[in-house]
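1. Turn this into a model:
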Amino acid sequence: MKQELLEKAIALRHELHRYPELSEKEVRTKKILMEFIKVNTDLQVVDRGQWFYAVYEPKKKSEKGRIAFRADMDAISVFEDSNLPYASENPGVAHKCGHDGHSAALAAFAMELSETGTDREVYLIFQHAEENGAGGKVCAQLIEEKQIETVYALHNFPGFEEGALLLREGTINCASMGMELTFTGVSAHASQPEKGRNPAAVISRLVLELEKMAAPECHEGLILATVVQVDIGERAFGVAAHKGKLLLTIRGQIEDEMNALRDRIENFAKEQAQQYGLLLETAYHDVFPETYNHGESIEKIRNIADEKGWKTQTLENPIRSSEDFGWYLKKASGALVWMGAGMECTPIHSAEFDYNDNLIERSVSFFQSLL
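-> You can find the predicted model right below:
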């Protein structure tokens, strides 16, 4: 990649880092990226509201199928702890997952495409709201709409050798969802609890039952039911609790097993609520599918890496955290690849994290090779 283009991409990354925005609020971020691609490339830019894509169309139509690459662009709720010259100017919000780098790398690839060209139709998807799982489901509709055959994405991974490609066939990131169970009973004086309906016992039983429901010996893949919050009653010593809320995150290597766990939890909660005369309301948040890498795509990446002399590492187990790129891989073949950000790089989502700019050029080379 030309040094001039690389420097532009790094400057873009620093600008994105300075003005981070949370999921579904990426207004300035999107504007910066769209303007950058319009000014620095001849790709067509298509605005889709909260997100956009850029498309390269070859002068000569090819037999090769359409291919897409995706970058996320949202930040997270963390106060940045750094003396960076491009530190966040939005207090309490910062690019601590590296999505500024992912977007800058894809924009750099757009410049490379514009310079060198290729013989196939290429879609570059700049996606909003990865952190809460809302963006992937929306943007993945483009795969069907444009009949895209293959789709890829990169994510940086601190703690591994810089530039190494971390691969796994099958599930590379677990499915997950947040469950919110609200139980409402009847209030009573604390001296006469028998006259009310208190959800404390039901919530306690449910919490204890989770261990049995998520027993590893009963599941083929990793399964977890994590209590996030228990909130019962009010700080009023004269009033017995009559309302309670249980928040859980359930997670699974195999999406169907996670959904089955969800159903067991909900059915148990309904039975208990009915038995004790409580009203139950159930809500779901931050729903992520499993991110399932296709075998042929992983094999292709391994062959490219061997040819280029790039280091690869096979992940024995899936990464427990979720990634909404799974929505794309339900509609087309492809893979999510994690790229080592360096052994000394601070972990993502920490206050000190900063994306490693050296990954931008390697990312462009990776994307180019997949064409």
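
2. So what's the model's average confidence on the helix or strand harbouring Val39?
-> For Val39, the host element (DSSP states H and E) is helix 27-40. Averaging pLDDT along helix 27-40 gives 98.

3. Dump the C-alpha coordinates for it into PDB.
-> Provided in PDB are the C-alpha atoms of helix 27-40 (Å, rounded to 0.1, in the frame of the first residue of the first chain):
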ATOM      1  CA  VAL A  27     -24.100  10.200  13.200                       C
ATOM      2  CA  ARG A  28     -20.800  12.100  13.000                       C
ATOM      3  CA  THR A  29     -18.800   8.800  12.600                       C
ATOM      4  CA  LYS A  30     -20.800   7.900   9.600                       C
ATOM      5  CA  LYS A  31     -20.500  11.400   8.100                       C
ATOM      6  CA  ILE A  32     -16.700  11.400   8.500                       C
ATOM      7  CA  LEU A  33     -16.400   8.000   6.800                       C
ATOM      8  CA  MET A  34     -18.700   8.700   3.900                       C
ATOM      9  CA  GLU A  35     -17.000  12.000   3.200                       C
ATOM     10  CA  PHE A  36     -13.600  10.300   3.300                       C
ATOM     11  CA  ILE A  37     -14.500   7.700   0.800                       C
ATOM     12  CA  LYS A  38     -16.200  10.200  -1.500                       C
ATOM     13  CA  VAL A  39     -13.100  12.400  -1.500                       C
ATOM     14  CA  ASN A  40     -10.500   9.700  -1.800                       C
END
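
4. Pull up the gap between the closest residue to Ile254 other than its chain neighbours and Val230, please.
-> Of all residues not flanking Ile254 in the chain, Gly221 sits nearest, at 4.2 Å (CB to CB, 6 or more residues apart in numbering). For the C-beta atoms, the positions are set from N, CA and C on the backbone; glycine is no exception. From Gly221 across to Val230, the span is 27 Å (CB to CB, to the nearest Å).

5. for Met343, same thing?
-> Going from Met343 to Val230 by CB to CB gives 39 Å.

6. just Asp324 next, same as before
-> Distance, Asp324 to Val230, using CB to CB: 28 Å.

7. swap in Tyr152?
-> With the distance defined as CB to CB, Tyr152 ends up 41 Å from Val230.

8. Show me which of these two is the more surrounded one.
-> Neighbour comparison, Tyr152 and Val230: the larger count goes to Tyr152, with 24 against 15 (by other CB atoms under 10 Å).

9. before we move on, which element is the more buried one in?
-> Taking DSSP H and E as the definition, Tyr152 sits inside strand 150-157.

10. Pull up the pairing partners for that strand, direction included.
-> Partners of strand 150-157 in the sheet, by DSSP bridges, are strand 67-72 (parallel), strand 333-340 (parallel).

11. so of those strands, which one's packed in deepest?
-> Of all those, strand 67-72 has the most neighbours on average by mean count of other CB atoms under 10 Å, namely a mean of 26.

12. Return the residues in contact with Cys351.
-> No, residue 351 isn't Cys; it's Ala. Residues in contact with Ala351 (CB atoms under 8 Å, 6 or more residues apart in numbering) are Val78, Phe79, Glu80, Asp81, Ser82, Ala94, Lys96.

13. repeat that with 6 Å
-> Each residue near Ala351 by CB atoms under 6 Å, 6 or more residues apart in numbering is listed here: Val78, Asp81.

14. Report the secondary structure state of it.
-> Following DSSP: H, G, I helix; E, B strand; the rest coil, Ala351 is assigned to coil.

15. give the contact list for Ile232.
-> Counting by CB under 6 Å, 6+ apart, Ile232 touches Ala200, Ala241, Gly244.

16. cool, Trp338 as well?
-> When contacts are counted by CB under 6 Å, 6+ apart, Trp338 touches His155, Phe157, Leu166.

17. any idea how far it lies from His102?
-> Taken as CB to CB, the span from Trp338 to His102 is 12 Å.

18. go on, Asp256?
-> Separation of Asp256 from His102 (CB to CB): 29 Å.

19. Looking at those two, which is more packed in?
-> Using other CB under 10 Å, the more surrounded residue of Asp256 and His102 is His102, with 29 against 12.

20. got the contact list for that one?
-> By CB under 6 Å, 6+ apart, the contact list for His102 reads Ala71, Asp72.

21. Give me the below-cutoff pLDDT ranges for the stretch 201-350 of the chain.
-> Residues of the stretch 201-350 of the chain meeting the criterion pLDDT under 70: none.

22. which residues of it fall in helices?
-> All helices of the stretch 201-350 of the chain, identified by DSSP state H, counting those that start in this stretch, fall at 255-275, 295-308, 326-329.
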